[in-house]
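K.L.:
pasting the sequence and the predicted coordinates here, then a few questions.
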Amino acid sequence: MEIAMSDEATLVPIVLKFSGVIHEQSLSLELNTPGVAWSIGNAEFGEVGFSLNPLDLGGLQSSCVHGIEVAESVISIQTGSKQVGGRNSSDSFSLSAFLKCKNEIRNIDGYCNVNADAKVMACLPFQQPLEWRRGPFSATLTEQTEGFETIRLKLRGLKPGKAVAFELQPRSFYGRTARWSLGAPAVFGRGLGVQVADGGPSLQLIMEEHRIELICGSSAVASGAGEATLELSIELGAIPDQSGQASSTERDCLALAADLDPDVVAVAQVGIQLPKYVVSGFTPFPL
C-alpha cells in the first residue's frame with residue numbers, strides 16, 4: 001500500500017462501515033485531535049479518494065444516504081426515507097476516506113454521533129477493525145508495513161456445495177514476487193477477515209501461494225444464495241534491479257483471475273485503488 005506523504009503530513013486510508021442507522025437522521029464523525037483532519041485524498045493513479053459503498057454490487061435495496069458533507073474536523077451524513085424510488089433503502093452503508101495526520105501523531109480521538117442502535121466499524125490498514133458507537137472514540141495509527149497490500153474481495157451469488165477460486169499471478173508488472181498472505185507476522189493486525197451476510201452459506205478457505213479457494217457449506221436460507229466479504233493480504237517482494245528504470249508515471253500492477261459460476265459476481269479492491277470486477281481472465285490491479 002502506498003500512502004501519500006509530505007514533509008509534514010501523511011494520508012492514511014480508512015473504511016467506515018455503518019450499520020443499524022435510522023432513516024431520516026443526521027449522523028456525524030467529529031475529530032478532536034489537533035493535527036488530524038478528514039480528507040478526500042489526492043485521487044491519483046485511480047485511488048478511490050472519498051467514496052460511498054465502493055464495493056457495492058447493486059441489488060434490491062438502495063442506499064439510505066441522502067447527503068454527505070466533508071469538512072476538516074467532521075463528516076456529516078444525512079439519511080433519507082425508507083423508500084427510495086419504490087425500493088426499500090438499506091440501514092447500512094460504507095464510506096472510504098482518508099485521515100490527514102501530522103507525521104508525529106499516533107493517537108486519534110473524536111466523537112461518534114449516531115443513533116443508539118447504530119455502530120461504525122472503522123478499518124485502518126493492517127489493523128483489527130475498531131467498533132465505534134455513540135460517544136467518544138479513539139484509534140491508534142501503526143507504522144506502515146512494507147511489502148504487504150490489503151485486498152478486499154466481495155462476492156454475491158454464493159450457493160451451498162459450490163466453490164469459488166482466485167488466482168494471483170506469481171509476479172507483478174515490475175517483476176516483484178507476489179503471493180497470498182495473512183499479513184506481516186510481526187504486526188498485530190487483522191490477518192484474515194471474513195463476513196457473511198445473514199442467511200448466507202458457511203465458508204471454508206483453502207490458501208496456497210497463488211490460489212485461494214472458498215468452498216460454500218450449508219445455508220440458513222432455503223435459496224442458499226448469499227454475499228460474503230473476504231479481507232486478507234498479498235505479500236510482495238522487492239523490485240528487481242533491472243526494473244529500476246521503469247517510468248515513474250506507471251504504477252506497478254498485480255493480476256487476478258477468478259474461477260466461478262456465471263451467476264456469481266466478484267469485485268476486488270487492492271489497497272486504496274478503485275475496485276474492479278474479477279473475471280476468468282487475468283485483470284490488472286494497480287498498487
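P.N.:
Nice, I can see it.

K.L.:
contacts for stretch 197-210?
P.N.:
Stretch 197-210 is contacted from outside by 158-160, 167-170, 178-180, 182, 192, 194, 196, 212-221, 224-228, 230, 232, using CB atoms under 8 Å, 6 or more residues apart in numbering. Bear in mind the C-beta positions are built from the backbone N, C-alpha and C, glycine included.

K.L.:
quick check on these: which are buried?
P.N.:
158-160, 167-168, 178-180, 196, 212, 214-216, 219, 224-228, 230, 232 (16 or more other CB atoms under 10 Å).

K.L.:
mind checking which of these are in strands?
P.N.:
If you go by DSSP state E, those have 158, 167-168, 178-180, 196, 212, 214-216, 226-228, 230, 232 in strands.

K.L.:
quick check: of those residues, which lies closest to residue 142?
P.N.:
residue 232 (17.4 Å; CB to CB).

K.L.:
check contacts around the closest one.
P.N.:
150, 151, 180, 181, 182, 183, 191, 192, 193, 207, 212.

K.L.:
partners of it in the sheet?
P.N.:
Going by DSSP bridges, residue 232 is paired in beta bridges with residue 151.

K.L.:
for residue 251, see how far away it is.
P.N.:
The gap separating residue 232 from residue 251 is 21 Å, by CB to CB, to the nearest Å.

K.L.:
and what of residue 272?
P.N.:
Residue 272 is 12 Å from residue 251, by CB to CB.

K.L.:
please say which of these two ends up with more neighbours.
P.N.:
Neighbour count, other CB atoms under 10 Å: between residue 272 and residue 251, residue 272 has more, with 28 against 18.

K.L.:
excluding chain neighbours, what is closest to the more buried one?
P.N.:
Spatial nearest neighbour of residue 272, excluding adjacent residues (CB to CB, 6 or more residues apart in numbering): residue 13 at 4.3 Å.

K.L.:
list phi and psi for the residue nearest to residue 265 when sequence neighbours are not counted.
P.N.:
Excluding the flanking residues, the one nearest residue 265 by CB to CB, 6+ apart is residue 156, at 4.7 Å. Backbone torsions for residue 156, taken as degrees, to the nearest 10, come to phi -130, psi 140.
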